[in-house]
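>>> Mind looking at a prediction? Sequence and model below.
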Amino acid sequence: MRFPSSVQIPLLLLLVCALSCRAFPVEKNTGVAGEPTGAFTSGLNGVPQDGFPNYQERLMLTWVNRGRADPNNVALGTAAACSTSYPAAKPLMLDHAGNRAARFHCNNLQKTNSGFSHNSYCTIMTDVDATDCDGSDACACVAGTQAFGCGTMTATGTDPFTRAHYFGFTAAGASMAVNANGRTMVEAGITECASGLTDRSIFVAPNVDSLGTGWAGANSCFGSCEYLLTATTNVTTAVLPSAIHQPETSTTATTFSFHANYYDPGGAPSRMEVVIDGACTPMTLELGTATNATYKASAPLSAACHQYWILSVDSAGARHAYPEAGAWGVGTCTAWSATATPALCEGGSSSGSSSSSSADASSASASAAATSSGGRTSSAPDSTSAASASSWSSSSAAGGSSASPAADSGSASTGAVSASNPDETAGPNARGCSAADAADGGMPGILSGAVALLWLCCRRRQG
């Protein structure tokens, strides 16, 4: 049967919609206890994916980017007087595969009661990513290879670069600490005085663009594990790569600080605010330059669950939000929420539409436009001292590891390793409608019925 030409195009559009909705189902995530939950929204910067990142992992990201913006600032803790000088470097974007790889190592050490080492204390199975292994011996280790223990840098199992490859992440460098937190781990490494391959050199390396961060709690060998992997994935750097609040939580009325990384080669933002329960608080430049900086604000909050997100207008007048959808919690709560309170300084309009370009931003913009943007999270205290451990180590990808004394007593126990000539890996794959499908709510008059169905199909897939 042949349809008239006036019917063929609407039918074709409906067929495309039906096929696309089947081909690209939206994944939902139930999360992990104590970690972010919400819809799996690949490509939306700052929005958690299947329980990644947790608070300490976001804190590491923001604090590394803070140091990269102004790496020689002794007064603000991005260098010591004896530190090797480095030029500023653009901020890093959190990579989901790298996040999984880094946390897996900490989880594996924690669950097997193992110590401080870049290498695993067993030979790691190659399918740990596919099986969603939580780091336990049963799913992580090849039988008969286990050598668990609290020895420092004594593990001879799988090296960090091979292990990261199992998660699809081609790491260029790795840094580790124990008995710290996301902030003190970075501060201990970035202020070291040694030259050559160091945590500091890995944190501020100019030839990387992506970061994987991992954190796990205590075992019988250490109080906490902090792990960090860098890579080059050719991801686009967002105008608002990351943001965090401190302290993590409080059950009493507390003044919280908020830090946000900003990057725009075109110039300084015309607007930079943290939106807390809809109220806009201006942020001021803490360190860095007009094009690469960290902004800060403080606000007293009652002992209750609040939410916040970052609002910015760049030098060209484009509007950005972090996270690109939803809001992070602050106060007595820490979880990310899919719904954010609109900014009163914007007339109470929805905050979800963001112009920032993260990986796959074009396909993510439809979801961002349909959801109000902001943030929910938790953090460590704004003024914290480094952890009590004092051993440091560095190693190369080819040559194992060697321990050397800490630059200062009282620093977190940390170590760095580096890979030479890292391969490039693809950035995260966006799912869902493209911006052309659903970013605009307006419906053209011609063929409005068919196009409306196509639009609704795409919108439903994003919900």
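Arrived safely, thanks for sending.
>>> What are the boundaries of the strands in the stretch 201-350 of the chain?
210-216, 225-231, 243-246, 254-263, 271-276, 279-282, 284-288, 292-301, 305-313, 319-322, 327-331, 336-337 (DSSP state E, counting those that start in this stretch).
>>> Please produce JSON lines containing those, extended by mean pLDDT.
Converted to JSON lines, these look like this (pLDDT from 0 to 100):
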{"stretch": "strand 210-216", "mean pLDDT": "98"}
{"stretch": "strand 225-231", "mean pLDDT": "98"}
{"stretch": "strand 243-246", "mean pLDDT": "98"}
{"stretch": "strand 254-263", "mean pLDDT": "98"}
{"stretch": "strand 271-276", "mean pLDDT": "98"}
{"stretch": "strand 279-282", "mean pLDDT": "98"}
{"stretch": "strand 284-288", "mean pLDDT": "98"}
{"stretch": "strand 292-301", "mean pLDDT": "98"}
{"stretch": "strand 305-313", "mean pLDDT": "98"}
{"stretch": "strand 319-322", "mean pLDDT": "98"}
{"stretch": "strand 327-331", "mean pLDDT": "98"}
{"stretch": "strand 336-337", "mean pLDDT": "96"}
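>>> T162: which of the ones you listed is closest?
Among the strands of the stretch 201-350 of the chain, strand 225-231 comes nearest to T162, with 12.3 Å by Cβ to Cβ. C-betas here are computed from N, CA, C, even on glycine.
>>> by how many degrees do the closest one and strand 210-216 diverge?
170 degrees (axes from the mean of the first three to the mean of the last three Cα atoms, to 10 degrees).
>>> Generate TSV for the strands of the stretch 201-350 of the chain, with distance to G151 and mean neighbour count as supplementary columns.
Shown next, in TSV, are the strands of the stretch 201-350 of the chain (distance: least, Cβ to Cβ, whole Å; neighbours: other Cβ atoms under 10 Å):
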stretch	distance to G151	mean neighbour count
strand 210-216	18	28
strand 225-231	15	29
strand 243-246	33	28
strand 254-263	36	23
strand 271-276	44	24
strand 279-282	48	14
strand 284-288	39	18
strand 292-301	38	20
strand 305-313	43	24
strand 319-322	41	25
strand 327-331	38	28
strand 336-337	38	23
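>>> Using TSV, please lay out the ones you listed together with distance to L197.
Formatted as TSV, these follow (distance: least, Cβ to Cβ, whole Å):
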stretch	distance to L197
strand 210-216	18
strand 225-231	12
strand 243-246	28
strand 254-263	25
strand 271-276	35
strand 279-282	41
strand 284-288	25
strand 292-301	24
strand 305-313	34
strand 319-322	32
strand 327-331	35
strand 336-337	36
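>>> Determine which of the ones you listed approaches P48 most closely.
Nearest of the strands of the stretch 201-350 of the chain (Cβ to Cβ): strand 336-337, 5.2 Å.
>>> Pull stretch 224-232 out as PDB, backbone CA atoms only.
The C-alpha coordinates for stretch 224-232 follow below in PDB (Å, rounded to 0.1, in the frame of the first residue of the first chain):
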ATOM      1  CA  SER A 224      41.200   5.500  54.900                       C
ATOM      2  CA  CYS A 225      42.400   5.100  51.300                       C
ATOM      3  CA  GLU A 226      42.700   7.900  48.800                       C
ATOM      4  CA  TYR A 227      43.600   7.100  45.200                       C
ATOM      5  CA  LEU A 228      44.000   9.200  42.100                       C
ATOM      6  CA  LEU A 229      44.600   8.400  38.400                       C
ATOM      7  CA  THR A 230      45.200  10.900  35.500                       C
ATOM      8  CA  ALA A 231      44.800  10.400  31.800                       C
ATOM      9  CA  THR A 232      44.400  12.100  28.400                       C
END
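>>> Please parse the protein into its domains.
5-26+432-462, 47-236+386-418, 243-370 (automatic domain parsing).
>>> for the residue nearest to L92 when sequence neighbours are not counted, what are its contacts?
Of all residues not flanking L92 in the chain, L211 sits nearest, at 4.1 Å (Cβ to Cβ, 6 or more residues apart in numbering). Counting by Cβ atoms under 8 Å, 6 or more residues apart in numbering, L211 makes contact with M60, L61, V64, L92, M93, L94, D95, G98, L228, L229, T230, A231.
>>> Do you know the pLDDT at P444?
Per-residue pLDDT puts P444 at 35.
>>> returning to what we had before: could you export the contacts of L211 as a markdown table, including distance to T291?
As requested, the contacts of L211 are exported to a markdown table (distance: Cβ to Cβ, whole Å):
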| residue | distance to T291 |
| --- | --- |
| M60 | 23 |
| L61 | 19 |
| V64 | 18 |
| L92 | 16 |
| M93 | 17 |
| L94 | 21 |
| D95 | 23 |
| G98 | 25 |
| L228 | 25 |
| L229 | 26 |
| T230 | 21 |
| A231 | 23 |
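>>> so which of those would you say is closest to A180?
Of those, the one sitting nearest to A180 (Cβ to Cβ) turns out to be M60, at 9.8 Å.
>>> Doesn't the closest one belong to a strand?
No - per DSSP: H, G, I helix; E, B strand; the rest coil, M60 lies outside any strand segment and is helix.
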